[in-house]
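Participant: Quick one: sequence and predicted model below, then my questions.
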Amino acid sequence: MAVPDWSPQTGGGTSFQEAVFKAFASTPNSRSLKKVFLVTSRSALEKAHYHYKLMHEDIVIVLPSKAREATFMLDKLVARPLKRIISSRAGLSGKQQWVDKIIKEHADILWSINPFILSTSIPSVSTIWDIQHRLLPFFPEFEDYSAWVDREEWNQKQTERSMLIVTGTEAGKKEVCSAYAVNPERVYVNPLPITTEHVQLQVDYCEDFINKHDIGTNFILYPAQFWPHKNHINLLLAYRLASLGEQRPKLVFTGSDKGNASYVRKAIDQLRISNDVRILGFVSNKELAALYSKACCLCFPSFFGPDNLPPLEAMLYGLPVITADIQGAKEQYGSSALYFDPRDPNDIAKKIEAVFTDESTREMLIKNGKDLVRARTPNAYVSNVINRLIEYRSYLVNFPKFSERMTYDSSLGPMGALNYH
């Protein structure tokens, strides 16, 4: 099984991991679970590793990225034998038994905050964002059968052995339970968090960036990689159909090219809207902050989800959000978004028109969006999982390796308490 690299160009997955890692490092109740391996990516850790100094000495982070990159900071984070094994040219699959052995020696719980778990040799927590390879397997993203198989094998491994599986919605939970015959009690619904870091970048955003691309301050934003499932074509058709007045807003796309950008450019030319559409490619956090700050609305037509970060980011910046009515979306965003059928350009066009012509609708979406994201902090997300893990102590106290480090504290009431030491 191939383990993907999570660079910033991979999109929302990296942003999610950065936010959760930082929150885990700074959340007080994370200290109540000693010797937790938090599995994150190299790119997430590179931006947040200074938080390591704030962490409890028994909380350790391991990197499940490509083998040649997984040596980053391991001297400070875990025993040298694991560093040597992970950096071996044989890769993780050829050394899995040794990885399992060392993890068992140095950790009690393994929490993977991306969908690719390193080991199931100890009680583990898995994070599953979606199972779209099962629900929409005909997309070109899965034409390479090995890509489909990799996803399926990782999910099978996680769902079969994980102590706890974290999803963002009840819809996602039902999909996982149905596809992999999982006991629903092992699946925990924890809504996707949103970091406030982008807001801090907003203060010094670069006006030159906006002017350079001739975007102006009246535009519709869609930040998404150029995959077929991101549904750029139906959005272009909708944009062409929408009646938006003489001061027609521009349509701005950002995101790395995953093979579909040339097709999107061709469609723009054929629709004769080249003067109104901008493709900026991958943008930095600072540049994305500038775009969120100046956009009129976010339109998010992706077929995959519903755990998508851009709608939440847009709400944080006070943008009205128009998004695809896919399974779980209304559960995720509630009354904070307008919904459309992502297969129907006419419906998309009508919802875009509503945001630009109905001021009361626009104001309602902005208010509800700000209310929603206020409670969706990374610290709350981490605390929810940690509190759920603490509930599992009644199981774990029966494991010999846990029992050896337990003490009975009679000062905490008649029943006392078992604590780690």
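Facilitator: Great, that's in hand.
Participant: burial measure for T377, as a count.
Facilitator: 16 (other Cβ atoms under 10 Å). Every C-beta, even on glycine, is put in place using the N, C-alpha and C of the backbone.
Participant: Where does pLDDT dip in the stretch 101-250 of the chain?
Facilitator: 101-107, 116-120, 197-206 (pLDDT under 70).
Participant: List the buried residues in stretch 241-260.
Facilitator: Buried positions in stretch 241-260, judged by neighbour count with 16 or more other Cβ atoms under 10 Å: 241-242, 244, 248-258, 260.
Participant: Between the residues you listed, which sits nearest A289?
Facilitator: Closest to A289 out of these is T254 (11.8 Å), distances taken as Cβ to Cβ.
Participant: So which of the buried residues of stretch 241-260 are in strands?
Facilitator: Using DSSP state E, the members of the buried residues of stretch 241-260 that fall in strands are 250-254.
Participant: of all the residues you listed, which comes closest to P345?
Facilitator: Distances from P345 to those, taken by Cβ to Cβ, are shortest for L251, at 13.1 Å.
Participant: Distance check, the closest one against G305.
Facilitator: 21 Å (Cβ to Cβ, to the nearest Å).
Participant: ok, A267 touching L236?
Facilitator: Yes. Using Cβ atoms under 8 Å, A267 is in contact with L236, at 5.5 Å.
Participant: Need the overlap of contacts for the two.
Facilitator: Taking Cβ atoms under 8 Å, 6 or more residues apart in numbering as the contact rule, A267 and L236 touch no residue in common.
Participant: Of those two, give the one with the bigger neighbour count.
Facilitator: L236 (23 against 16).
Participant: now the angle from the helix or strand containing D269 to strand 250-254?
Facilitator: If you go by DSSP states H and E, D269 is part of helix 261-270. Relative orientation of helix 261-270 versus strand 250-254 (axes from the mean of the first three to the mean of the last three Cα atoms, to 10 degrees): 170 degrees.
Participant: Helix 261-270: which residues count as buried?
Facilitator: In helix 261-270, counting by 16+ other Cβ under 10 Å, buried: 261, 264-265, 267-268.
Participant: which residues in the stretch 201-350 of the chain form strands?
Facilitator: 219-223, 250-254, 277-279, 297-300, 321-324, 337-340 (DSSP state E, counting those that start in this stretch).
Participant: could I get those strands as TSV with distance to E391?
Facilitator: What follows is those, written out as TSV (distance: least, Cβ to Cβ, whole Å):
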stretch	distance to E391
strand 219-223	37
strand 250-254	41
strand 277-279	48
strand 297-300	35
strand 321-324	33
strand 337-340	33
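Participant: now for those, which one comes closest to V20?
Facilitator: Between the strands of the stretch 201-350 of the chain, strand 219-223 lies closest to V20; by Cβ to Cβ that is 19.9 Å.
Participant: Could you list every helix and strand in contact with the closest one?
Facilitator: helix 232-241, strand 250-254, helix 285-294, strand 297-300 (3 or more Cβ pairs under 8 Å, 6 or more residues apart in numbering; DSSP states H and E).
Participant: again, 7 Å this time
Facilitator: On a contact count with 3 or more Cβ pairs under 7 Å, 6 or more residues apart in numbering; DSSP states H and E, strand 219-223 meets strand 250-254, strand 297-300.
Participant: so which of those gets nearest V283?
Facilitator: strand 250-254 (4.9 Å).
Participant: Report how many residues lie close to the residue nearest to I113 when sequence neighbours are not counted.
Facilitator: With Cβ to Cβ, 6 or more residues apart in numbering as the criterion, I113 has its nearest non-adjacent residue at 4.9 Å, and that residue is V20. Residues near V20, counting by other Cβ under 10 Å, number 26.
Participant: which ones are touching V20?
Facilitator: Contacts for V20 (Cβ atoms under 7 Å, 6 or more residues apart in numbering) come out as 113, 193, 378, 381-382.
Participant: closest to P345 among the residues you listed?
Facilitator: Once Cβ to Cβ is applied, the member of those that ends up nearest P345 is P193, at 32.3 Å.
Participant: For the nearest residue to that closest one once chain neighbours are set aside, what are phi and psi?
Facilitator: Closest residue to P193 apart from its sequence neighbours, by Cβ to Cβ, 6+ apart: Y381 at 3.8 Å. In terms of degrees, to the nearest 10, the main-chain angles of Y381 are phi -60, psi -50.
Participant: ok, Y381 - how many residues close by?
Facilitator: Neighbours around Y381, by other Cβ under 10 Å: 24.
Participant: Could I get the contacting residues of it?
Facilitator: Contacts of Y381 (Cβ under 7 Å, 6+ apart): 20, 23, 190, 193.
Participant: Pipe those residues into a markdown table and attach distance to K350 per row.
Facilitator: Shown next, in a markdown table, are these (distance: Cβ to Cβ, whole Å):
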| residue | distance to K350 |
| --- | --- |
| V20 | 37 |
| A23 | 39 |
| N190 | 34 |
| P193 | 31 |
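Participant: List the ones among those that fall in helices.
Facilitator: 20, 23 (DSSP state H).
Participant: Most neighbours of all the contacts of Y381, which one?
Facilitator: Counting by other Cβ under 10 Å, top hit in the contacts of Y381: V20 with 26 neighbours.
Participant: From M364, how far off is it?
Facilitator: In terms of Cβ to Cβ, V20 sits 30 Å off from M364.
Participant: Next, the nearest residue to Q225 once chain neighbours are set aside: phi, psi?
Facilitator: Spatial nearest neighbour of Q225, chain neighbours left out: G255 (4.2 Å); criterion: Cβ to Cβ, 6+ apart. The phi and psi torsions at G255 (degrees, to the nearest 10) take the values phi 130, psi 150.
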